[in-house]
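Enquirer: prediction below, plus the sequence it came from.
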Amino acid sequence: FAKLDEYISRSQYGTVTFADELFHRRLPQESGAYKPETWNNYSSDLDFFWQYQTRDMYLRYLAWNFIGREGDYQGARPDVSKTWAIPFMLGLWGLYSHFKRDPKRALVFLAAFLIMGLFTAWFQDQQDPQPRERDYFYVGSFWIFAMWIGIASTAAMEWVKEKYAQREPGKLTLALGGTFAALILFGPINQCVGLMGMVTGQPFAKSSKWAEYSRHRDYIPYEYAYNILQSCEPNAILFTYGDNDTFPLWCLQDVYAIRRDVRIVQLQLVTMMWNVKQLKTDNDWGAKAIKLTAFSDALLKLPTDDDVYKQLDWSPKPVNIPISAETARWISGDSTAPAVLFDWTPKFVMPSDQVVLDIIKNNITTRPICYSVTVPEDARAGLNSYLIYEGLTARVTPLKQPADNNGLGGSVQPSRFSEVLFHTPVQAQSTPDRGMILRTYADPASNRSGMDDEYSLSYRYEFIRFANWCMTNNRQLDARRALDTMEARIPLARIPVDYSFASFIADIADKVGDWPIMQQYAAAGAKGIGELLQNPESKESESGFQGQYELANLDMRAGNFAAAKRVFQTLSTSSETDEQSFVKLKLEECDARQLESEKKYDTAYRLFSQVISSYGPAEGAGDNLQDLKTHLALNSMEMGKQ
């Protein structure tokens, strides 16, 4: 019963104490675990309870299943146009019929429907936002509603039977057959293919639940798990954080026997001592036990997890571990790395940070220790300055590293990282074989989920991280190769990005001289920001100079010189005085790039040089000046200059 109580009360997620006993649904702001959106988007706890926890986190999902859904993406609203809500109305009729015929059993069904639906949503007290849609929590409730649709169908057949009971047998058979066919047509077929949506002109791919939920040729979870595992060195300890970077990996190890040498430490499960006990023994696949000393066998025998945590030292004391030159070189992949003192002060944000501390103290010199790149920075126990990126993992190193720079900087181990990005095995390998299998995004026949497409960002970030590192280390060809490989494996035409990310990629491509990628992403970015500027409800529509300038800059990089010039000319007359001279220089840059595109290299070179010499006095011109110098240097050979 104690274990059942822990499960039902969700004790692994901790508890929150409120200052008073009034009705509370939002975590208090002083708790440190609250989500700002929960307080910023709702006027009161009651408003949050209805708008989010009741409407969005249950009623919306009920409508998805029996009315329709806008599309397969996070936050999608109900869409009545696909089924005209006929399945939903059948369910309501079934509920009525059930109570009319058998009220006692109907009450049991209604109780189950509410307990597994609304009451579950209220009990979980979910905060806004959630990392993913949570409709799968309420499958039991949806089953009950589906039963009511079946009961409604039976009630309809019985009504027709009663209506035609005194008529000719042939008419009764015809009426029953017609009713049955109509129920099949407007029930399961309508529900599955969005019949009403198709009747009103929607394509099958938009209206159909079958098309929405089919995963034909979708291997993203398999590929993602494989690529994380194969980013790890042999016998590695891998920290993961969420469901999607953990359970697919366990599946590959258990079912497909891939990289069973990697020991996965799930940072949320490891807060519970039963999981820590498992880490201290070899697992069933042969992965070696992890040496732990703070979590001793005697400590793990204490009655509760809280008893264990009370015995641990939570003061942020520095950890000083002497690392020999040989070990430092093995960890970093740098043949010149010196002996070093690993001087790290743990940051205790989560209980699992104690396990991380114990693992590093006892294993850093003998086993590779790394994080999946999807682990949030605040869940890395203060190790962000000691990570080297090696593909889809970041390895813990005793050597202090540069700042991560919002996920696109940090330190890269170039040989290991490039193997992950550029080596594509013909087939999956069970043993260590650094490389990536990434075919689904480029497959026109694949039918992916919205979540699958979101995970394309993780890949793109790593390609960009490597390109950015190569750019800053004068390896322009490798940077271009990274961008070209990214586009080949995750085509922009199939997996779009928002304008800001497209703009960033175009900027990187410009700096490394990858003009086709620059033009492609700049065009996508210009289209995106142009649409936002036309939307009166978007914040970009009110951004004034900055939004228009970004649009013109993207149009210029995309080769839409006439459009870029029109915007720059408008800005040169309507903007502030200190901005006008800068915009006029951008007009000249636009002319130079147009000449360059027309292969008038000598004239373009002279104009570029003139623009660069004029940039100094312009307000905020420093970054643009350096970008232009880089652009000029990269294009100088093509222009016939050295």
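Expert: Sure, I can see it.

Enquirer: without its sequence neighbours, what residue ends up closest to Asp254?
Expert: Of all residues not flanking Asp254 in the chain, Trp285 sits nearest, at 6.9 Å (C-beta to C-beta, 6 or more residues apart in numbering). For the C-beta atoms, the positions are set from N, CA and C on the backbone; glycine is no exception.

Enquirer: same thing with Asp297?
Expert: The shortest distance from Asp297 to any non-neighbouring residue, by C-beta to C-beta, 6+ apart, is to Lys280 (7.7 Å).

Enquirer: contacting residues for the one you found?
Expert: Residues in contact with Lys280 (C-beta atoms under 8 Å, 6 or more residues apart in numbering) are Ala289, Ile290, Leu292, Phe295, Asp297, Leu300.

Enquirer: so among those, which ones count as buried?
Expert: The neighbour count (16 or more other C-beta atoms under 10 Å) marks Ile290, Leu292, Phe295 as buried among these.

Enquirer: isn't the first one right up against Ile359?
Expert: Yes - Ile290 is within contact range of Ile359, at 6.0 Å (criterion: C-beta atoms under 8 Å).

Enquirer: now for those two: what residues contact both?
Expert: Each of Ile237, Val265 lies in contact with both Ile290 and Ile359 under the rule C-beta under 8 Å, 6+ apart.

Enquirer: mind listing the strands for the protein?
Expert: Assigned by DSSP state E, the strands in the chain fall at 237-240, 263-266, 319-323, 340-344, 369-372, 387-389, 393-396, 411-412.

Enquirer: I'd like to know which of the ones you listed is closest to Asp484.
Expert: With C-beta to C-beta as the measure, strand 411-412 is the member of these nearest Asp484 (18.1 Å).

Enquirer: where does pLDDT dip in the stretch 401-550 of the chain?
Expert: Along the stretch 401-550 of the chain, the model assigns pLDDT under 70 to residues 405-407, 537-543.

Enquirer: repeat for the stretch 1-150 of the chain
Expert: When residues are selected by pLDDT under 70, those of the stretch 1-150 of the chain lie in 12-22, 30-33.

Enquirer: what do you get if the cut-off is 80, keeping everything else the same?
Expert: Scanning the stretch 1-150 of the chain with the threshold set as pLDDT under 80 gives 1-23, 29-34.

Enquirer: looking at it, Pro376 is touching Thr240, isn't it?
Expert: No - counting by C-beta under 8 Å, Pro376 stays clear of Thr240, with 11.6 Å between them.

Enquirer: quick one, which of those two is more surrounded?
Expert: More neighbours surround Thr240 than the other of Pro376 and Thr240, with 24 against 11 (other C-beta atoms under 10 Å).

Enquirer: for that one, give me the pLDDT.
Expert: Predicted confidence (pLDDT) for Thr240: 97.

Enquirer: hey, what's it bridged with?
Expert: Using DSSP bridges, the bridge partners assigned to Thr240 are Gln266.

Enquirer: got the contact list for it?
Expert: By C-beta under 8 Å, 6+ apart, Thr240 lies in contact with Thr246, Leu249, Ile264, Val265, Gln266, Leu267, Ser372, Thr374, Val375.

Enquirer: now do 7 Å
Expert: Contact analysis of Thr240 by C-beta atoms under 7 Å, 6 or more residues apart in numbering lists Thr246, Leu249, Ile264, Gln266, Leu267, Ser372, Val375.

Enquirer: and Arg132, by the same measure?
Expert: Contacts of Arg132 were listed using C-beta under 7 Å, 6+ apart, and they are Met451.

Enquirer: Tyr241 versus that one, what's the distance?
Expert: In this view, Arg132 and Tyr241 are 13 Å apart by C-beta to C-beta, to the nearest Å.

Enquirer: just Gln253 next, same as before
Expert: On the measure of C-beta to C-beta, Gln253 and Tyr241 end up 18 Å apart.

Enquirer: likewise Lys35?
Expert: Applying C-beta to C-beta, the value for Lys35 to Tyr241 is 17 Å.

Enquirer: neighbour count: the two, which is higher?
Expert: Using other C-beta under 10 Å, the more surrounded residue of Lys35 and Tyr241 is Tyr241, with 19 against 15.

Enquirer: wait, the more buried one sits on Ala379?
Expert: Yes - using C-beta atoms under 7 Å, Tyr241 is in contact with Ala379, at 5.7 Å.
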